[in-house]
Structure formats: C-alpha cells, structure tokens
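**Student:** quick one: sequence and predicted model below, then my questions.
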Amino acid sequence: MSRAGFASPLTVELISRADLLVAFGCALNMWTTRHGALIGADTRLVQVDLDPAAIGRHRGVDLGLWGGVAQTARAATDLLRSGGSEPWVGYRRPEIGDRIRTSLSWNQLPFDDASTEDRIDPRTLSSSLNQLLPAERTVSVDSGNVLGYPSMYLDLPDEYGFCFTQAFPSVGLGLGAPSAPRWPSPAASPSRPSATVGS
C-alpha cells in the first residue's frame, strides 16, 4: 500500500470494498489510506509490523500482529491451509482477474492528452518515462504540484524502488533522495539508476 494514495480507480475499488485488509509493514497514514477514505467503514483491518509502537499509530485496527512481514505471512498461510475449510472465493473470480489484467495500472487507462505545442501533459511525460527508463530503478519524488504523476505512472521493481520524502513536505527535499535509496537491501544496489521528479 505504499502508493495507495495514488492508486488507480480499480485498486481503490477493490481495497475499499474488501471485507478484510491486511497491512503488512504499512503505516496506514494519510498517504497510504487517502486520508482514511481508502478503507471501507465495514472493513476488518489487520496491521502487521516489526515495531509494536507502529501498530494502530495512525488509525485503529481490529487486530495488530507484531512480527516480520515474511514470517507472519508464511505463518498465516500455513494456518489457513491447515484449517480444512473451503477457500473463500471473494475477489478470486474470472471477471475480477480480467479487470486486474487490463486496468490495474494507470498506464493501462486511457486519457485525453492535454499537451500543447509548448507544454507536455504530465501524464504523457510520466507514461513516456516509464517506457524509457530501465525497469530496475529507484523513483524519488520531490514535493510540489507534480509529485502525483510519477507516483502514479512510473512502475516500481520492488518495495525498495520508491523514495517518498513527503513526511516533511518542502520543495527541493526530494532532490537529494537518489542517494538515500542505498539503504541495506539486496535489491537497492548502487548500480540501480535513480529518477527524481519534482517541481
């Protein structure tokens, strides 16, 4: 959910109508929940985090699980598989699968290009950059009017591929971010190119 605030209409629909939402390592703050509007009023919410103080910090949860994301997911999967009950169908229907394959990403949705002779529509620019840049990349966005477009249109290779410096919004803050994504991670190698977009 790291970019849920910039989620496509289909993503918003599926998340907001879910009976159960499990947030693995997600802060559930205003950026990841669209100021709380992304999570349905009747949705049961589970938050998993390594930091027990992070659970419920930004909003109430129905269940908080203190643990690592991968270990908790494996344990939950094993528990569900051992239950002996019929699997819940939920969203696992062919028509939902078709919609996910064709309209999950902003890049799959049509838009009217508002580019002019001397200006480019930021959706067109971001979508074009998405095709031009290497798939293995780190995207950093600066604060300002344009931060939404790269957040929406630039695909990410993994959870280390997005550096969002908006906890303290200040124009120019994201410009130094390309050096920040070198935190210890098997995926964040110095050879991965960085793209910084800002006002």
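**Tutor:** Received it, and whenever you're ready, just let me know what you need.
**Student:** tell me which residues of the longest helix along the chain are tucked away?
**Tutor:** Determined from DSSP state H, the single longest helix within the chain is helix 69-82. By 16 or more other C-beta atoms under 10 Å, the buried positions in helix 69-82 come out as 69, 72, 76. For every residue, glycine as well, the C-beta is placed using N, CA and C.
**Student:** swap in stretch 48-65?
**Tutor:** For stretch 48-65, the neighbour count (16+ other C-beta under 10 Å) marks 48-49, 54-55, 58, 61, 64-65 as buried.
**Student:** and it, how far from the chain's centre?
**Tutor:** Here stretch 48-65 is found 18 Å from its chain centre; the criterion is C-alpha atoms, centre = their mean, to the nearest Å.
**Student:** out of the buried residues of helix 69-82, flag the one nearest to Leu104.
**Tutor:** In terms of C-beta to C-beta, no member of the buried residues of helix 69-82 lies closer to Leu104 than Val69, at 21.8 Å.
**Student:** would you mark the buried spots in the helix or strand harbouring Leu21?
**Tutor:** In this structure, Leu21 sits in strand 20-24 according to DSSP states H and E. Going by neighbour count (16+ other C-beta under 10 Å), the buried part of strand 20-24 is 21-24.
**Student:** name all residues that make contact with the residue lying farthest from the centre of the chain.
**Tutor:** Distance from the centre of the chain peaks at Glu117, with 33.4 Å (C-alpha atoms, centre = their mean). With contact set as C-beta atoms under 8 Å, 6 or more residues apart in numbering, Glu117 has no partners.
**Student:** likewise for Asp19?
**Tutor:** Shown in contact with Asp19 (C-beta under 8 Å, 6+ apart): 42-44, 90.
**Student:** just to revisit the earlier point, make a markdown table out of the buried residues of stretch 48-65 and add pLDDT, distance to Glu136 and secondary structure.
**Tutor:** What follows is the buried residues of stretch 48-65, written out as a markdown table (pLDDT from 0 to 100; distance: C-beta to C-beta, whole Å; DSSP: H, G, I helix; E, B strand; the rest coil):
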| residue | pLDDT | distance to Glu136 | secondary structure |
| --- | --- | --- | --- |
| Val48 | 96 | 27 | strand |
| Asp49 | 95 | 27 | strand |
| Ala54 | 95 | 29 | helix |
| Ile55 | 96 | 33 | coil |
| His58 | 94 | 31 | coil |
| Val61 | 96 | 34 | coil |
| Gly64 | 96 | 34 | strand |
| Leu65 | 95 | 32 | strand |
